[in-house]
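>>> Any chance you can model this:
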Amino acid sequence: MAEKEKQDDYRVDIGSDDKIRPFSPPRPAVAPVLPSSSASPSMAILSYCGASIMMTLTNKYVLSGLDFNLNFLLLCVQNLVCVVAIQAGKTTGMITFRDFKWDEARKWFPISLLLISMIYTGSKAIQFLSIPVYTIFKNLTIILIAYGEVLWFGGSVSPMTLFSFGLMVLSSVIAAWADIQAAISSYGHDAAQTATQLSTLNAGYIWMMINCLSSAAYVLGMRKRIKLTNFKDFDTMFYNNLLSIPIIIMCSFFMEDWSSENINRNFPEDRRNNLYLAMIFSGLSSVFISYTSAWCVRVSSSTTYSMVGALNKLPIALSGLIFFDAPVTFPSVSAIALGFVSGLVYALAKVKQAKNKITSLPIASASSQSMRDGFGQKS
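Here you go, the predicted structure:
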C-alpha cells in the first residue's frame, strides 16, 4: 500500500480526450530516516533494567561491609552526586527542569522528608536481607499503595489484582521461610551463631516492614502534592535530592559515629577506593534510572513500561544469587519465581483495568481522576 502511494505521487495522468492535464514536477525523493538507538524501545528497556540492577548491586556492595553503619553518609553522597549530575545535564542542555524557588521548596519539603525515610529504611533492609528477599518483599508496597488509593483517591481493586496480591504475600512468606531455614541449616551446629543470624534476619524484616510503609506514604503523598506544583520527572528529582541533603547531613552528624576508628572500620584500607567509587556510581545510577524510565515511556507504550517494571524484578533477584552469597535452594528459587509471576499478573491486571476505563464512561471524581492521570504510567 505504501509503495502504491509513492507510485501515485509520481504518476502523470493523460485523459482519453487527448487533453494533457497540467503536469507538476515530481518531488525530490527524501532518504529514509534510519531509526536511531534513542528511538529503540529495546535499547531503552535494556538500559532501564541495567540501571536498576547496577544500583541495587552497588548499594548491597557498600552496605554488606563488616559493621557498616554510616547509612546517612551513603545517602548524602548519592544525593550530592545526583544533584551535581542533573545540574550538569541542565547546563549542557541535555535535560531541562525548573529553577529553584523557595515557595515550591516549601510545598515539596514534606515529600522530601518521606523520601529520606524511604531510602534510609530501604538501605537498612537491604543491609540485613539478601537481594532476592528484599526484591520479593518490596512487592508488598504495591498492596499498600493500591489500598491507599482506594481510601484516599477513589481507586478500585479488581479480582485479578487481588489475586496478584495473594501471590505477592505467598511469595514473601516462602522467601522468609527459605531464609530462616537456610540460616538454621548453615549454623545449626552452633546455637550462638544461629541466634545471631536469626536476629539479623528479624532486624531486616522489621526494617523491610517500615520501608514498605514509608514507601507507600511517599508515593501516595507525592501523588497528592505533585498536583500543587505540576512537577515533571527531573523537577521531582532535583527538589527531592536538594532538599534532602541538609536533613541527611544533620542526621549523619548527630546520629552516626564520626570517630576515626569507626571511619576506618566502615572504610577498610583494602576496600576504601572501591567503596568510594561504588557510592558515587550508585548516585549516578539513580539519575540513569530516572532518565531511562522516562525514555521507556517516550519510545514505548505505558503497557510495555508496566510490563518492564514487573519483569525487571527477576534479573534483580537473580543478580543477588549470582554476585552475592544468597542461599540457592528450592524454596528460595520458588519464591523468586512466584514473586515474578505475581508482578506479571499485577501488570496484566493494570492493563486490563486501564482498557476497561477507556471503554466505560468516567464516573470517578475529578480529583481522583487527575491523580491517576498524573501517575498512570507509574502505577
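
>>> Need the phi and psi values for residue 253.
Here is the backbone geometry of residue 253 (degrees, to the nearest 10): phi -70, psi -40.

>>> which ones are touching residue 104?
Contacts of residue 104 were listed using Cβ atoms under 8 Å, 6 or more residues apart in numbering, and they are 98, 229, 239. In this view, the C-beta of every residue, glycine as well, is placed from N, C-alpha and C.

>>> Using pLDDT, spot the least trustworthy of the residues you listed.
Minimum pLDDT for the contacts of residue 104 is recorded at residue 229 (76).

>>> And residue 69, its phi and psi?
According to degrees, to the nearest 10, residue 69 has phi -140, psi 20.

>>> Quick check: which ranges of the protein have low pLDDT?
For the chain, applying pLDDT under 70 flags the ranges 1-40, 65-66, 187-190, 294, 297-298, 300-307, 309-310, 357-379.

>>> In it, spot the helix with the most residues.
In the chain, with assignment by DSSP state H, the single longest helix is helix 191-229.

>>> Which other helices and strands does that helix contact?
helix 102-128, helix 131-138, helix 140-152, helix 159-187, helix 233-255, helix 366-375 (3 or more Cβ pairs under 8 Å, 6 or more residues apart in numbering; DSSP states H and E).

>>> if you set the cut-off to 6 Å instead, what comes out?
If you count contacts as 3 or more Cβ pairs under 6 Å, 6 or more residues apart in numbering; DSSP states H and E, helix 191-229 packs onto helix 102-128, helix 140-152, helix 159-187, helix 366-375.

>>> For residue 281, which of those is the nearest?
Comparison of the helices and strands packed on helix 191-229 against residue 281 by Cβ to Cβ identifies helix 102-128 as nearest, at 15.5 Å.

>>> those helices in the stretch 251-379 of the chain, which residues are they?
Here the stretch 251-379 of the chain has its helices, by DSSP state H, counting those that start in this stretch, at 260-266, 272-299, 302-311, 313-323, 330-359, 366-375.

>>> Throw the contacts of residue 104 into TSV and include neighbour count and distance to residue 315, thanks.
As requested, these are exported to TSV (neighbours: other Cβ atoms under 10 Å; distance: Cβ to Cβ, whole Å):
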residue	neighbour count	distance to residue 315
98	15	34
229	18	34
239	25	31
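
>>> Without its sequence neighbours, what residue ends up closest to residue 210?
In space, residue 210 comes closest to residue 121 once its chain neighbours are excluded; the distance is 4.7 Å by Cβ to Cβ, 6 or more residues apart in numbering.

>>> what about the one you found, neighbour count?
Look at residue 121: counted by other Cβ atoms under 10 Å, it has 21 neighbours.

>>> before we move on, what about the one 3 residues further on?
Counted with other Cβ under 10 Å, the neighbours of residue 124 add up to 20.

>>> mind listing what it touches?
Applying Cβ atoms under 6 Å, 6 or more residues apart in numbering to residue 124 gives the contacts residue 207.

>>> quick one, phi psi at residue 232?
Dihedral angles (degrees, to the nearest 10) for residue 232: phi -100, psi -180.

>>> of the helices of the stretch 251-379 of the chain, which approaches residue 247 most closely?
Nearest to residue 247 among the helices of the stretch 251-379 of the chain is helix 272-299; the distance by Cβ to Cβ comes to 16.9 Å.

>>> Turn the helices of the stretch 251-379 of the chain into TSV, columns for distance to residue 131 and mean neighbour count.
Below are the helices of the stretch 251-379 of the chain laid out as TSV (distance: least, Cβ to Cβ, whole Å; neighbours: other Cβ atoms under 10 Å):
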stretch	distance to residue 131	mean neighbour count
helix 260-266	21	13
helix 272-299	14	19
helix 302-311	16	19
helix 313-323	3	19
helix 330-359	10	18
helix 366-375	27	15
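
>>> Could you point out which of those helices sits nearest residue 176?
Of all the helices of the stretch 251-379 of the chain, helix 330-359 sits nearest to residue 176, with 8.5 Å by Cβ to Cβ.

>>> So which elements touch the closest one?
Contacts defined by 3+ Cβ pairs under 6 Å, 6+ apart place helix 330-359 against helix 131-138, helix 159-187, helix 302-311, helix 313-323.

>>> ok, and the closest non-adjacent residue to residue 232?
residue 97 (6.9 Å).

>>> which SS state does the one you found fall under?
Following DSSP: H, G, I helix; E, B strand; the rest coil, the label given to residue 97 is coil.
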